[in-house]
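need a 3D model of the sequence below.
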Amino acid sequence: MELEGSLSAFSVPEILQFLGMGRMTGELTIHAGGRHLAIAIVLGKVVSARASQPIARVGQMLVNRGLVTAQALAQFLETQKLIDSERRLGEVLVARKAVSPEQLRDCLRTQMEEEIWGVFGVREGEFKFENRSKEALGPAAIELEIESLVMEGSRRQDEWDVILKSIPGDETVLTACLPPSAQGDGGGADPAAIHTTPVVERAAALRPEEWRLLAQVDGFTSVGAICDVSPLGKFETYRVLHGLLQARFIKVKGNFAADGIVAPDFQGASLDVAPRPAVRPASSTGRFGPLFSRPAKAADSAAAAPASSAPLTPAGALAGYVTAFIGACARTPEFGAGEPERAFLTSQWQQALARHREADLIRATGFGLDASAFEGYVAQARCLAPPLLPSHQASLEALREYLKTIYGLACQRLGEKTARQLAAAALGAAPPAPQHGEPFDLAAVVQDIQSAKAE
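So this is what the prediction gives:
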């Protein structure tokens with residue numbers, strides 16, 4: 001038996017309930033909003049869910065939960081690529097006793113639920129169910145009862161609609177604030193709106209997960225990026241943040257892209273020119289304040305401005321390449337250059353920043369990246385000085401991850417052959433080698449990303 005139709009006629013919960021009651025075995029694929037989700041079902045139970053743009057990755061979830069370190073995960077991924085390419089990452093981690101089978105199953109369950117619940121409210125798109133044998137669907141580490149999945153998903157959808165009224169989406173930026181009981185009556189504030197419980201007592205009542213998320217709210221990191229490093233999953237993270245918002249521990253600052261919110265570390269600096277000592281005084285609390293403690297001179301300012309066509313660092317060169325590649329993709333009708341694509345690109349860079357915080361001097365500009373702020377610091381120091389090295393390394397790692405995501409999207413929308421051609425064309429237009437830092441092979445970075453996608 002095969003089913004096919006529009007999500008405007010049948011919702012995802014309705015489709016799943018039908019398949020569950022019929023004890024069907026096969027694969028349900030959902031195409032909606034440029035996203036592809038494949039749900040494997042065996043005898044009416046969900047056994048896996050694979051997304052083209054995953055909401056959560058098992059490896060990152062293990063890191064977020066403190067079960068493995070980011071460095072260890074990177075080593076396991078390299079081992080998997082070179083030695084255990086036939087096995088999934090989770091199987092490698094369990095075999096090497098990095099995590100227990102129970103810990104892995106819990107992460108897999110959360111990942112599957114997040115992916116499926118994420119399409120419960122979608123009413124624009126297409127679905128198709130095709131019969132598959134149990135063997136063709138592969139081994140099942142997890143089995144989810146569809147009835148329980150639908151009931152909990154429907155409950156969450158109702159709550160989700162309420163949450164989105166106060167936290168509109170992943171690009172929302174939150175900032176911490178004192179509850180009204182610590183601010184006084186504000187010279188005429190409504191007394192009924194002022195909390196009577198002392199701030200210290202209210203703060204002490206916060207649960208550990210609330211404290212952990214409150215610590216992530218910095219006035220710069222988007223909600224989507226916070227979700228990316230949260231051990232709770234996307235819905236639970238939104239729910240906890242919504243609770244903190246209602247309790248007035250935090251407030252909405254704005255939209256990351258629309259309001260041009262920048263990192264606190266350089267809010268006083270211009271994003272269009274290299275930072276100057278006049279903007280970065282020796283008393284600055286920023287990371288690089290001591291590096292620029294000498295007085296500013298006119299000659300220094302002229303020498304500090306980096307040439308726009310020649311990157312100073314490998315990070316600047318890679319950011320320039322990523323921008324050129326995105327531009328080439330966006331000029332094709334199949335890839336698209338509309339608001340959904342811009343929002344996706346911005347959110348993906350924010351997620352990379354969540355994992356590599358010190359890359360925050362590289363800014364997303366919608367269909368590109370701007371490394372001029374970081375390059376300005378390098379120009380001011382006239383070298384890739386030691387205080388700049390951690391930020392530079394974090395920027396390289398974030399840029400590699402970001403390029404991998406964009407290249408994957410290009411392969412999905414344009415086909416791998418066209419994506420490779422555009423990547424090669426952007427490489428051919430790359431600027432000269434960076435002036436500072438270790439020797440940098442941009443072509444090797446691009447090749448590694450393409451090889452990883454091919455595997």
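
and the residue nearest to residue 64 when sequence neighbours are not counted, what element?
Excluding the flanking residues, the one nearest residue 64 by C-beta to C-beta, 6 or more residues apart in numbering is residue 231, at 4.2 Å. C-beta here means a position set from N, CA and C on the backbone, and glycine is covered the same way. In this assignment (DSSP states H and E), residue 231 forms part of neither any helix nor any strand.

what's near enough to touch residue 231?
Counting by C-beta atoms under 8 Å, 6 or more residues apart in numbering, residue 231 touches 61, 64, 65, 66, 209, 212.

can you pull the contacts of the second one?
Residue 64 sits next to 229, 230, 231 when contact means C-beta under 8 Å, 6+ apart.

switch these over to a markdown table; also include pLDDT.
Shown next, in a markdown table, are the contacts of residue 64 (pLDDT from 0 to 100):
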| residue | pLDDT |
| --- | --- |
| 229 | 81 |
| 230 | 86 |
| 231 | 86 |
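
for the residues you listed, which one is nearest residue 349?
Using C-beta to C-beta, residue 229 comes nearest to residue 349 of these, at 14.5 Å.

residue 355 against residue 228, yeah?
Yes. Taking contacts as C-beta atoms under 8 Å, residue 355 lies within contact range of residue 228: 7.0 Å.

re the thing from before, for the residue nearest to residue 64, give me phi and psi.
With angles defined as degrees, to the nearest 10, residue 231 sits at phi -80, psi 0.

so what does the lengthiest helix in the chain touch, helix or strand wise?
As assigned by DSSP state H, the longest helix anywhere in the chain is helix 389-414. Helices and strands touching helix 389-414, by 3 or more C-beta pairs under 8 Å, 6 or more residues apart in numbering; DSSP states H and E, are helix 314-330, helix 339-355, helix 372-381, helix 416-428, helix 442-454.

what helices or strands is the shortest one leaning on?
If I follow you right, that is helix 372-381. helix 298-304, helix 314-330, helix 389-414.

can I get that helix in CSV, CA atoms only?
Listed next in CSV are the C-alpha coordinates belonging to helix 372-381 (Å, rounded to 0.1, in the frame of the first residue of the first chain):
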residue,chain,number,x,y,z
SER,A,372,36.3,43.1,8.8
ALA,A,373,36.0,43.5,12.6
PHE,A,374,38.4,40.7,13.3
GLU,A,375,40.7,41.6,10.5
GLY,A,376,40.8,45.2,11.9
TYR,A,377,42.2,43.9,15.2
VAL,A,378,44.9,42.0,13.3
ALA,A,379,45.7,45.1,11.3
GLN,A,380,46.0,47.2,14.4
ALA,A,381,48.4,44.7,16.0
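
between residue 355 and residue 228, what contacts are shared?
Joint contacts of residue 355 and residue 228 (C-beta under 8 Å, 6+ apart) are residue 60.

who has more neighbours, these two?
Taking neighbours as other C-beta atoms under 10 Å, residue 355 and residue 228 compare with residue 228 leading, 25 against 18.

okay, and that one sits in which element?
Using DSSP H and E, residue 228 falls in helix 223-229.

list the contacts of the residue most central in space within the chain.
Geometric centre of the chain, nearest residue: residue 351, 2.2 Å, by C-alpha atoms, centre = their mean. Contact analysis of residue 351 by C-beta under 8 Å, 6+ apart lists 224, 225, 228.

can you check residue 65 too?
103, 107, 231.

mind checking which of the helices and strands packed on helix 372-381 is nearest residue 151?
Across the helices and strands packed on helix 372-381, residue 151 has its closest neighbour in helix 389-414 (32.5 Å, C-beta to C-beta).

quick check: angle from the closest one to helix 314-330?
20 degrees (axes from the mean of the first three to the mean of the last three C-alpha atoms, to 10 degrees).

in helix 389-414, what's buried?
For helix 389-414, the buried set under the neighbour-count rule, 16 or more other C-beta atoms under 10 Å, comprises 391-414.

in JSON lines: the contacts of residue 351, plus distance to residue 243 and pLDDT.
Converted to JSON lines, the contacts of residue 351 look like this (distance: C-beta to C-beta, whole Å; pLDDT from 0 to 100):
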{"residue": "224", "distance to residue 243": "18", "pLDDT": "84"}
{"residue": "225", "distance to residue 243": "19", "pLDDT": "81"}
{"residue": "228", "distance to residue 243": "20", "pLDDT": "80"}
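
surely residue 343 touches residue 171?
Yes. Applying C-beta under 8 Å, one finds residue 343 in contact with residue 171, separated by 6.7 Å.

elements contacting the strand or helix carrying residue 104?
Element membership for residue 104 (DSSP H and E) is helix 101-117. With contacts taken as 3+ C-beta pairs under 8 Å, 6+ apart, helix 101-117 sits against strand 35-42, strand 45-51, helix 58-64, helix 89-95, strand 144-145, helix 146-166, helix 234-246.

related to what we said a few turns ago, of all the contacts of residue 64, which comes closest to residue 333?
Closest to residue 333, out of all of the contacts of residue 64 and judged by C-beta to C-beta, is residue 229, at 35.1 Å.

test my guess that that closest one contacts residue 353.
No. Judged on C-beta under 8 Å, residue 229 makes no contact with residue 353 at a distance of 10.0 Å.

which one's more surrounded, these two?
A count of neighbours by other C-beta under 10 Å puts residue 353 above the other of residue 229 and residue 353, at 27 against 19.

done for today, thanks.
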